[in-house]
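Q: Provided below are the primary sequence and the corresponding predicted coordinates.
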There are 2 protein chains.
Amino acid sequence: MANDLSKHFSDRAKELRASEVRELLKLLQVPDMISFAGGFPNPETFPAELIREIVNDVLKKDGPQALQYGITEGYMPLREAVADRMIKKGMRVTKDNIVIVSGSQQVIDLTGKIFIDPKDTVVVTAPTYLTALTGWAVYQTTFESIPIDADNMRMDIFEERMKKFAKRSNPPVLVYALPNFQNPAGVTMPEKNRRRLVDLASDYDFLILEDDPYGELRYRGEHIPAIKSFDDEGRVIYMSTFSKILAPGLRVGWVVADEEILRKLVIAKQSADVCANVLGQRIAHEYIVRGYIDPQIEKIRKIYSRKMDLMLKGMDEFMPDGISWVEPDGGMFIWVELPESMDSADLLKKALKKRVAFVTGKAFFADPRDGTTSMRLNFTHPSDEMITEGLRRLGSVLNQEIVSKWDKSADDRNIEDVVKGANIGKS
Amino acid sequence: MANDLSKHFSDRAKELRASEVRELLKLLQVPDMISFAGGFPNPETFPAELIREIVNDVLKKDGPQALQYGITEGYMPLREAVADRMIKKGMRVTKDNIVIVSGSQQVIDLTGKIFIDPKDTVVVTAPTYLTALTGWAVYQTTFESIPIDADNMRMDIFEERMKKFAKRSNPPVLVYALPNFQNPAGVTMPEKNRRRLVDLASDYDFLILEDDPYGELRYRGEHIPAIKSFDDEGRVIYMSTFSKILAPGLRVGWVVADEEILRKLVIAKQSADVCANVLGQRIAHEYIVRGYIDPQIEKIRKIYSRKMDLMLKGMDEFMPDGISWVEPDGGMFIWVELPESMDSADLLKKALKKRVAFVTGKAFFADPRDGTTSMRLNFTHPSDEMITEGLRRLGSVLNQEIVSKWDKSADDRNIEDVVKGANIGKS
């Protein structure tokens, strides 16, 4: 900038920090880099030929309308088709409860806009989806982080905190839940906790934003109904996307909510981008009504299930003792816990030299002190060969790290510390 | 809503009001309705066959990448192609000064996010693009309205106001300019005023958002260089769109700005919607590099030029004395001024009964007291036959209105008032 124009930025803009994951995506370009970073679907799952067939039909039959502005709420036949699917998943909704958005990320932004005043509290898990954190941060949100365990959000701790909040003047407006194969930790919320969360929403008068990008990507166990399906009071705003079950480049997602909430959301969307791109909406619509979607989801599940198994097998083979991870029932990620003495940001630098990338845990926590010993590995994007080779590389970096810690400890500390350090390494 | 959940809405959400134009678009569905409302391009201009050819090629050749997430900045070859066009229009820029957005409306939202703190002042013209007003209102913006004349913004009044503002603690951050065939009033800013505005930006330390959706839609006179082309200090943020020169349903636009501003804008866009839809970006790119764009713009110009001439001819024929309007050199709208005694909102109700629609002037003013005697007519969307028939209907409503005012005046007032009213009617 010729002059210092940055002084014109809003206070809000100062909250804007580049997403570490997005920055890391640039690493995908480095030759021979194996990336477990990012959260990309595998392009071999994209039904390019089906999409080509659909676009040809739509443009031949209805070109002018498919290329014109659409109404902000979304293409009506797509809203109907999505409503049908949601009803089949147990939600009591109609097309009037559905709005089509420009990818489900937009719901984060729009809910921020319509619900969050500066200093309002949003409850998230620790860890949580990082672009929810960055997306709401611009609305000057205060985050309340609830730890997770194998059952996703720790309901006991959540309830305790809500009790405390109830005594304050400005209790949380919104609770953000990622019940299925959570990004990043892969953990799933059991049905009884989903029911409990809805009851608590009523007791403590808050809204739930249920983010479900991966619900269809279950590789093990039984489907669990959405939190939204237990909602009698319109307190749950459910969002999902075609990004993982069709193609992310289309930027088409949807939100299911109470009509009054949707009215506000639609007005906010009008001035944000008028409507989701219409050609993408038409593709998504035909993809459902032509019956392509379910066989395609089945195909994606098979590919990702194979990749997850390969990843878990590779983890068993190449990870040294002292490294632990969650075995998810679906989704796209493996969440890894390093020994307490290790910092995943340091590790990443060393891993990049060996041409293997991952996302450090810190990005997924509202509290910047958290997550130093965690990392997230994506298994959907790399090829099968890359999964195995990448884990081999990562294993070798980790082994060296553990050895060097041992050596360093032997030099610097007394024998008691060394034994302690080794124990940590093996825990 | 089962319960009153509306209390959870943010203060910001209370500023959200439905766009009158968007609501009116629903009228397009009523049978036999002729709509001069809306700001839709004519679907007969959409190159559906070219788009079909492009999509086939892109999906066959590069399906996986065209369906994958894209980087937030936009598809690099499209950024390069847009930069080339901008350079040809006299801007000194590179691809690094270009970011692809989800329609240019998104730039309104993103600039609001990164520049406007609550109560910050944005300077607009009166009238101005209404979805800029609604888009920035959610950021709790204070608007300063500058009147227009045949030369667009009144520079003398603007300068006077800026002098006053300079003495205050929080002078305007952003000045919003629509220099070409302004929506709604159709007026164009002369070159010397564009140069002056850039000089004033430097003197008074503000930024200019130059909104140019219609720049290519000139039907008369010579092209005038963009404000951005006179900018040496990175103070001008220029935005435009493929909506009027290709197809709006693709939702692809672009912004040209200083790199530091774009860095912030890109971070805001990341958490707003990740990236513009990639298929739409690929279509726009091929549309430029295959050389389709300029002949297509020529074709659109011919169609719209004919429609504008038809509209102006019909206005001459059917509008009673006392109605005045601006003859634009391009764009999509005719701005009409009614006699002082007439309210365009009342008129609209009567017009709708006669199956003809327009947008009332009020929507285009930040001050709700303004614009009662104005209306905006769109000439790009209706067919040629509808233009003439619609104006015949509107003329008959206006004639009746003038006659009834005369009658009412004759009943209610003394003869002096009647003569005065009649004079106003003919001015």
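A: Yes, it's here.
Q: Show me which residues of the stretch 201-350 of chain A sit near chain B.
A: For the stretch 201-350 of chain A, the residues in contact with chain B (Cβ under 8 Å from any Cβ of the partner chain) are A:206-207, A:232-235, A:243, A:247-252, A:258-261, A:264, A:267-268, A:270-280. In this view, the C-beta of every residue, glycine as well, is placed from N, C-alpha and C.
Q: ok, 7 Å please
A: Contact residues (Cβ under 7 Å from any Cβ of the partner chain) of the stretch 201-350 of chain A with chain B: A:207, A:232-235, A:247-251, A:258, A:260-261, A:264, A:267-268, A:270-274, A:277-280.
Q: mind listing which of those are in helices?
A: Using DSSP state H, the members of these that fall within helices are A:260-261, A:264, A:267-268, A:270-273, A:278-280.
Q: my guess is A:Q106 meets B:S271, correct?
A: No: counting by Cβ atoms under 7 Å, B:S271 is not a contact partner of A:Q106; they are 9.6 Å apart.
Q: ok so, going back, just the buried ones from the residues of the stretch 201-350 of chain A next to chain B?
A: Buried members of these, scored by 16 or more other Cβ atoms under 10 Å in any protein chain shown, are A:207, A:234-235, A:247-251, A:258, A:261, A:264, A:267-268, A:270-274, A:277-280.
Q: tell me the contacts of A:R376?
A: With contacts defined as Cβ atoms under 7 Å, 6 or more residues apart in numbering or on different chains, the neighbours of A:R376 are A:184, A:333, A:335, A:358-359, A:361.
Q: Pretty sure it sits in a strand.
A: Yes: looking at A:R376 with DSSP: H, G, I helix; E, B strand; the rest coil, it is inside a strand.
Q: Next, find the distance separating it from A:K353.
A: Counting by Cβ to Cβ, to the nearest Å, the gap between A:R376 and A:K353 amounts to 20 Å.
Q: Can you find the helix or strand of chain A with the lowest average pLDDT?
A: With mean pLDDT, DSSP states H and E as the measure, the helix or strand of chain A carrying the lowest mean pLDDT is helix A:415-426 (a mean of 40).
Q: what does stretch A:157-174 contact?
A: Residues beyond stretch A:157-174 that count as contacts (Cβ under 7 Å, 6+ apart) turn out to be A:111, A:115-116, A:120-123, A:144, A:146-147, A:200, A:204, A:206-207, A:209, B:8.
Q: Oh, that last question was meant for stretch A:140-152, not what I typed.
A: Residues outside stretch A:140-152 that contact it (Cβ under 7 Å, 6+ apart): A:12, A:15, A:116, A:118-126, A:133, A:153-154, A:157-158, A:161, A:172, A:179, A:182, A:185, A:187-190, A:193, A:365-367.
Q: So how do I select the buried members of the residues you listed in PyMOL?
A: Entered in PyMOL, the line below selects the buried ones among the contacts of stretch A:140-152, by 16+ other Cβ under 10 Å:
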select buried, chain A and resi 12+116+120+121+122+123+124+125+126+133+153+154+158+161+172+179+182+185+187+188+189+193+365+366
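Q: Narrow the contacts of stretch A:140-152 to those in strands?
A: Among those, the residues falling in strands (DSSP state E) are A:121-126, A:153.
Q: In CSV, list the residues you listed along with distance to chain B and pLDDT.
A: As requested, the ones in strands among the contacts of stretch A:140-152 are arranged in CSV below (distance: Cβ to the nearest Cβ, whole Å; pLDDT from 0 to 100):
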residue, distance to chain B, pLDDT
A:T121, 12, 97
A:V122, 12, 98
A:V123, 14, 98
A:V124, 14, 98
A:T125, 18, 98
A:A126, 19, 98
A:M153, 20, 98
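Q: For the residues you listed, give me JSON lines that also has distance to B:K89.
A: As requested, the ones in strands among the contacts of stretch A:140-152 are exported to JSON lines (distance: Cβ to Cβ, whole Å):
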{"residue": "A:T121", "distance to B:K89": "48"}
{"residue": "A:V122", "distance to B:K89": "44"}
{"residue": "A:V123", "distance to B:K89": "49"}
{"residue": "A:V124", "distance to B:K89": "46"}
{"residue": "A:T125", "distance to B:K89": "49"}
{"residue": "A:A126", "distance to B:K89": "50"}
{"residue": "A:M153", "distance to B:K89": "53"}
